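# 3D, please:
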Amino acid sequence: MTFERITEPNRALVNEFVERHWFTITMIVRGKEIDMTKADGFFLAEDGNILGLVTYALYDDVLEIFSLDSLQKNRGIGTGLLEAAVQEAREQGCSKVVLITTNDNVDAMRFYQRRGFDMARLFRNVMERSRQLKPEIPLIGEHGIALRHEIEFERALKAPVDTASGGEEA
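A predicted model of the protein is given here:
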């Protein structure tokens, strides 16, 4: 499986995919608007059709994933894209990868935890603010669960400093 980096020549194809699968090019994360037409990322395409996409941004020493989509389950596309983003974070010297999912997305919570991510923060009732910016966000999400909160997951990349051995990295 070979993933392509999002570049200006393929940006229109990526933007079309995002709009078709997310119904907009604007994502709301922690009550803030994210312009997905400017997000970096990787995708897998066959015959000119995107089968999977991960988008992210780098800031400070963090890579934040905004979206992860795989149209064909159980082929390793989502895992491969996630690992491509993690590898990019390592190459950029990031200390961690973070991402947000909503409280109703239990499938995503299971997926991320099985791939080394841990719950780090709860943004309680943030969906109220998000709906002010994007009123089409539903009140009820997946599995009939009220859509209220966002949960931040993170995966640490750098080993913590071991102060007992004189401050050398493990």
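
# Tell me which residues of the lengthiest strand in the chain come out buried.
Identified as the longest strand of the chain according to DSSP state E is strand 49-59. Within strand 49-59, the residues that qualify as buried by neighbour count (16 or more other C-beta atoms under 10 Å) are 50, 51, 52, 53, 54, 55, 56. Quick note: C-beta positions are derived from backbone N, CA and C, even for glycine.

# and the two most separated of the residues you listed?
Pairwise distances across these peak at 18.2 Å for 51 and 56 (criterion: C-beta to C-beta).

# Beyond the longest strand of the chain, next helix or strand please.
strand 62-70 (DSSP states H and E).

# Beta-bridge partners for the most centrally placed residue in the chain, please?
When the chain is reduced to its mean C-alpha position, the nearest residue by C-alpha atoms, centre = their mean turns out to be residue 65, at 2.9 Å. Using DSSP bridges, the beta-bridge partners of residue 65 come out as residue 56, residue 99.

# secondary structure element for residue 108?
Assigned by DSSP H and E, residue 108 belongs to helix 106-113.

# quick one: the strands in this structure?
According to DSSP E, the strands that the chain contains are 4-5, 26-29, 32-35, 40-46, 49-59, 62-70, 96-102, 118-123, 150-156.

# quick one: which of the ones you listed is nearest residue 132?
Residue 132 lies closest to strand 26-29 among the strands of the chain, at 9.4 Å (C-beta to C-beta).

# What is the closest one packed up against?
Here strand 26-29 is seen to pack against strand 32-35, strand 62-70 when contacts are counted using 3 or more C-beta pairs under 8 Å, 6 or more residues apart in numbering; DSSP states H and E.

# So what touches it?
By C-beta atoms under 8 Å, 6 or more residues apart in numbering, the list of residues contacting strand 26-29 from outside reads 33, 34, 35, 36, 66, 67, 100, 130, 133, 134, 137, 150.

# can you tell me which residues contact residue 57?
Taking C-beta under 8 Å, 6+ apart as the definition, contacts of residue 57 comprise 34, 39, 40, 63, 64, 66.

# one more time with 10 Å
In this structure, residue 57 makes contact with 34, 38, 39, 40, 41, 63, 64, 65, 66, judged by C-beta atoms under 10 Å, 6 or more residues apart in numbering.

# do the same with residue 138
Remark: with contacts taken as C-beta under 10 Å, 6+ apart, residue 138 is in contact with 104, 127, 131, 146, 147.

# Need the max-distance pair from these.
The most widely separated members of these, counting by C-beta to C-beta, are 104 and 131 (14.2 Å).

# Between the two, which is the more surrounded one?
The residue with the greater number of neighbours, taking residue 104 and residue 131 and applying other C-beta atoms under 10 Å, is residue 104; the counts read 20 against 16.
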